[in-house]
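Asks: Provided below for reference: sequence and predicted model.
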Amino acid sequence: MTPPPFIVFTDLDGTLLDHHDYSWSAALPALARLRALGVPVVLSSSKTAAEIAPIRAEMGLHLTPAIVENGAGVLEPGADPADLTGPYGRLRDTIDSLPAELRETFRGFGDMSDAEVAEITGLTAERATLARRRAFSEPGLSTAPPETLQKFVAALAENGVTARRGGRFLTLSFGGTKADRMETLRRRFDAPFSVALGDAPNDVEMLNAARYGFLIANPSVPPLPALAAEDDGRLRRSEKAGPRGWNECILQLISDLQDTQQAKPHQAD
């Protein structure tokens, strides 16, 4: 099989999916262009396998693996999300073992009903149910002031649990990042380089690890500070938000790469 020209890794909420209505229609032109070029698009999200599977199918990306739960797991093509197992029960036990003054500051999806998750996320009731079918990680809301939050995170770290801030939630897991999974899958596809798109702090490692990264504008959250990859031009920020910014960035990248290829001197036969 001929290796693809590159591989794309993309966050969903606030990036490829609109932050408010979860639509990706504005990115259809760029998705179609990538498909025509044979470029794999790997969804990489804090969402569960149960959430990502139908989205992946609707986008026509069901033949490509997806990175789930912030890099804690991978949903392979054709896999049943119900068969994907992980240390979620042990993670919940670890959270519950914290001192009460720390534990009470965090309310995870496992502490909420489907209706509560739907209310705070804007998901439909059906998708909220899927969001609570977790295998590896626990997103939630923290009410702790900064000093208490530091103690909360430190106490979890002593038990091997990491905490990552996404667009709206603090997500806890036993490790594994989007960047870790990205490199593994790039090698699997034998792609010469990676392109990454994201909008939140939990995307930073993935953006910095890619040859070309795009930080998609998200007016619903404070902008991220300057990132290391911006210094050498590997990371750019979109002007438009969500899938409109995603579409613009991918189409511009394809144009730039084609211009660069055409500008190379031809080798003599």
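Replies: Good, I have the coordinates. Numbers count the residues shown, from 1 in each chain.
Asks: State whether Val204 is indeed within a helix.
Replies: Yes. Counting by DSSP: H, G, I helix; E, B strand; the rest coil, Val204 falls inside a helix.
Asks: My guess is it contacts Ala229. True?
Replies: No. Counting by CB atoms under 8 Å, Ala229 is not a contact partner of Val204; they are 9.1 Å apart. Heads up, the C-betas are built off the backbone N, CA and C, glycines and all.
Asks: With neighbour numbers in mind, choose between these two.
Replies: Set side by side, Val204 and Ala229 show more neighbours around Val204, with 24 against 20, by other CB atoms under 10 Å.
Asks: how about the nearest residue to the more buried one, chain neighbours excluded?
Replies: Leu227 (6.2 Å; CB to CB, 6 or more residues apart in numbering).
Asks: who touches the one you found in this structure?
Replies: Applying CB atoms under 8 Å, 6 or more residues apart in numbering to Leu227 gives the contacts 204, 207-208, 215, 235.
Asks: Against Leu141, how distant is Pro192?
Replies: 41 Å (CB to CB, to the nearest Å).
Asks: Kindly apply the preceding question to Arg164 instead.
Replies: Applying CB to CB to Arg164 and Leu141 gives a distance of 14 Å.
Asks: So, low pLDDT: which residues of this protein?
Replies: 166-167, 263-269 (pLDDT under 70).
Asks: what are the ranges of the strands in it?
Replies: 7-10, 41-43, 66-68, 73-75, 106-108, 137-142, 162-165, 170-173, 194-198, 212-217, 235-241 (DSSP state E).
Asks: before we move on, back to that, of Pro192 and Leu141, who's got more company?
Replies: Leu141 (15 against 12).
Asks: which ones are touching the residue nearest to that one when sequence neighbours are not counted?
Replies: Computed as CB to CB, 6+ apart, the closest residue to Leu141 that is not its neighbour in sequence is Arg107, at 5.3 Å. Going by CB under 8 Å, 6+ apart, Arg107 touches 140-141, 143.
Asks: ok, now Thr2?
Replies: Taking CB under 8 Å, 6+ apart as the test, what Thr2 contacts is Gly38.
Asks: what's the spacing between it and Val8?
Replies: 17 Å.
Asks: cool, Ile95 as well?
Replies: Counting by CB to CB, the gap from Ile95 to Val8 is 34 Å.
Asks: Looking at those two, which one has more neighbours?
Replies: More crowded of Ile95 and Val8, by other CB under 10 Å: Val8, with 27 against 22.
Asks: For the helix ranked longest in the chain, report the contacting residues that lie outside it.
Replies: For the chain, the helix that runs over the most residues, judged by DSSP state H, is helix 242-263. Helix 242-263 has contacts (CB under 8 Å, 6+ apart) with 5-6, 8, 10, 14-19, 23-30, 33-34, 37, 195, 197, 212, 214, 216-218, 236, 238-240.
Asks: Going by neighbour count, which of these are buried?
Replies: 5-6, 8, 10, 14-19, 24, 26-27, 30, 34, 195, 197, 212, 214, 216-218, 238 (16 or more other CB atoms under 10 Å).
Asks: so who does the residue nearest to Ile67 when sequence neighbours are not counted touch?
Replies: Spatially, and ignoring its direct neighbours in sequence, Ile67 is nearest to Ser44 (3.9 Å; CB to CB, 6+ apart). By CB under 8 Å, 6+ apart, the contact list for Ser44 reads 9-12, 66-67, 71, 178, 181-182, 196, 198, 206.
Asks: same check, this time on Val204
Replies: 198, 224, 227.
Asks: Please convert these to CSV, extending it with distance to Ile254.
Replies: Putting the contacts of Val204 into CSV (distance: CB to CB, whole Å) gives the following:
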residue, distance to Ile254
Gly198, 19
Leu224, 25
Leu227, 23
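Asks: quick check, nearest of those to Glu126?
Replies: Gly198 (25.7 Å; CB to CB).
Asks: Just list whatever residues bridge to that closest one.
Replies: Leu215 (DSSP bridges).
Asks: That one reaches Met206, doesn't it?
Replies: Yes. Gly198 lies in contact with Met206 (CB under 8 Å); the separation is 6.0 Å.
Asks: between those two, what contacts are shared?
Replies: 11, 44, 178, 213.
Asks: taking those one by one, which sit in helices?
Replies: Lys178.
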